[in-house]
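Trainee: need coordinates for the below:
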Amino acid sequence: MHKDSLEIHPLDFHFGCSITLPPYAKNDPANLNEQDFKKLYEAVHQYLVVVIPGQEKLSPKSQYLLTKRFDPSIPEPKDTAGANYGHGKEFRHTQSVLRKDGTSVKSQPQVQILGQGVFDKDEPGNENGEAIKLTHPSHTTFHHTPLTPDQIKNESKTRFYRWHIDSALYDLSPPMVTTLLGIKVPPTTQYQTISYDDGTGDELKLTQGATCFVSGAQAFKNLSDEDQEFALNTTVEYAPHPYIFISPARATSDGLTMVSEGKEMNFEELPEWEASKVKKLPMVWTNPVTKEHHLQVHGCCLYKLHTKVGETIETLALEDAREKVHKLMRPNISPNQILAHGWKQGDLVIFYNRGVWHSVTGEFKGVGSNGEDERRLMHQCNIASGIDPVTIF
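Mentor: From the prediction side, this is the model:
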C-alpha cells in the first residue's frame, strides 16, 4: 500500500536509491508538492543517483519542468532552440565529439532523444512526428585502441565510453542534475563485460547498455591525505570549445582521459571563442546538502591544472595534467566502486551531476544474435546552471 508521501528505498550499495511516488502525483514526479519535492531534492544530493520506475509515459514537458525545479538559478529559455541546454550549441556542432549523440524534442528542445536504431514517427518516445535514426556512442570511434570485432561480437566485451560530467565546460555552468528516461530498452537478460585493458585484470559484467556511475564523494575520500590536499587546492582549466578541441584525439582504454599525441585542434582552428568564457573550475565541489567534498573532473576535456602551493601557483600543462588526473581517478572506477544501472523500461534516473561521474557503456547492433530487439530510445534533460560549483573548506 502506497503511503501519502514520497518513499525512499536505499540501494544495497554505498550510494543510490529508488523512489516510490505518492498517489496524488498521478505517476508524474513533476506534480510533487513542495514537501515531497524537498525530500526528492535531498535524496538526489544524499544518494546521488535516484531511480523512479514506471515513467515510460512521462512527457518531455514534465521532464523539463522537473529538471528545472532542482535549480532556481536556471534562467528562462533564451530561444526556442534550447540555448540553455547543458551542452549549449556545441552539442550539434559538426566538429564536436557529441554531434551524433541524439536529437532534440521539437516541442521541448531542452529534452534530447538518445538511443540506437530507427524509430518510426508513431513509436512511443519519438515526439517529433517523423522517423528518426539514433546512434549509440561506441568506444570504437572514440578510443585510441578499441576492442577487436571478435572481442565485441564473440566475447561480448565492451568499454566505458567516456567518464564525464554533463557540461559544455565553456561559457555555460555545469547543470545541477540530469534526468534520463528509458522509454525503449533492450532486455535485461543481455549482458556484456567491461574490459579495462590496463594490465590490472579488472572486468565488470553488466547488462547491455548500462549507465555507470562513480560517487565523487567516495572518490575524494579514497584519495590519500596528500592527494586530497592537492585536489582541494587545484583549479581545472578546460579548453575553449573542449569537445571540438579534442575531436581529432582519441581516448584512453578506460575512458578517463585522452591519449596525448598532439592531435588536438589548434586554438586558431576552433570556432570563435573568448578568454572570459573559458571555464576554470575547482577540482573539488561541495555538496550543498551533505557538505561533503566531491572530486569532480572531466578528464577528457581538461587543458591545464593550476595548484596553489604556499603563495605560488604551479601549473601542469596538457600532457602532465592528464597524467595526474588519470592517477587520481583510475582507482575510483574499479569494479567495486561502480554503480551500474541496468535499464528497465520506464526507469527515470535523476542524478546529481555535480556529485557523480558517469559513463555510457555497451555495443548495440540493432537485432541481437538471438533475435532480440537491441534498439534503444531515451529522453535526457540537463540544463546549464546560472552559477558555477564551489568548494567550501
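Trainee: what helix or strand is Tyr243 located in?
Mentor: helix 242-245 (DSSP states H and E).
Trainee: okay, the closest residue to Leu328 other than its chain neighbours: pLDDT?
Mentor: Once flanking residues are discounted, Leu328 sits nearest to Asp227: 6.1 Å by C-beta to C-beta, 6 or more residues apart in numbering. All C-beta spots, glycine's among them, are computed from the backbone N, C-alpha and C. Looking at Asp227, its pLDDT stands at 98.
Trainee: list the contacts for the residue of the chain positioned farthest from its centre?
Mentor: Distance to the chain centre peaks in the chain at Glu311, reaching 35.5 Å (criterion: C-alpha atoms, centre = their mean). Contact analysis of Glu311 by C-beta atoms under 8 Å, 6 or more residues apart in numbering lists nothing.
Trainee: and it, what pLDDT?
Mentor: Reported pLDDT for Glu311: 93.
Trainee: following element in sequence after the helix holding Tyr243, please.
Mentor: Going down the chain from helix 242-245, the next helix or strand is strand 280-282, by DSSP H and E.
Trainee: just checking: what are the partner strands of the following helix or strand past that next one?
Mentor: Once the chain leaves strand 280-282, the next helix or strand it forms, by DSSP H and E, is strand 284-286. Sheet pairing of strand 284-286 (DSSP bridges) gives strand 293-295 (antiparallel).
Trainee: thinking again about what came up before, distance from the helix holding Tyr243 to the middle of the chain?
Mentor: 17 Å (C-alpha atoms, centre = their mean, to the nearest Å).
Trainee: phi first, then psi, for the residue nearest to Leu328.
Mentor: phi -70, psi -30 (degrees, to the nearest 10).
Trainee: what about the nearest residue to Thr158 once chain neighbours are set aside, which SS state?
Mentor: Spatially, and ignoring its direct neighbours in sequence, Thr158 is nearest to Gln192 (4.4 Å; C-beta to C-beta, 6+ apart). Put simply, Gln192 is strand when judged by DSSP: H, G, I helix; E, B strand; the rest coil.
Trainee: ok, Gln192 to Trp285 distance?
Mentor: 31 Å (C-beta to C-beta, to the nearest Å).
Trainee: how does the chain divide into domains?
Mentor: By the assignment in automatic domain parsing, the chain contains the domains 7-214+338-382, 216-332.
Trainee: what is the burial count for the residue nearest to Thr158?
Mentor: Using other C-beta atoms under 10 Å, Gln192 is surrounded by 22 other residues.
Trainee: try the one 10 residues further on
Mentor: Neighbourhood size, Asp202 [other C-beta under 10 Å]: 16.
Trainee: ditto for Glu264
Mentor: 20.
Trainee: beta partners for the residue nearest to Thr158?
Mentor: Going by DSSP bridges, Gln192 forms beta bridges with Leu206.
Trainee: from what I see, it and Glu374 are in contact.
Mentor: No - counting by C-beta atoms under 8 Å, Gln192 stays clear of Glu374, with 11.1 Å between them.
Trainee: can you pull the residues that touch both of the two?
Mentor: With C-beta under 8 Å, 6+ apart as the test, Gln192 and Glu374 both reach Gln208.
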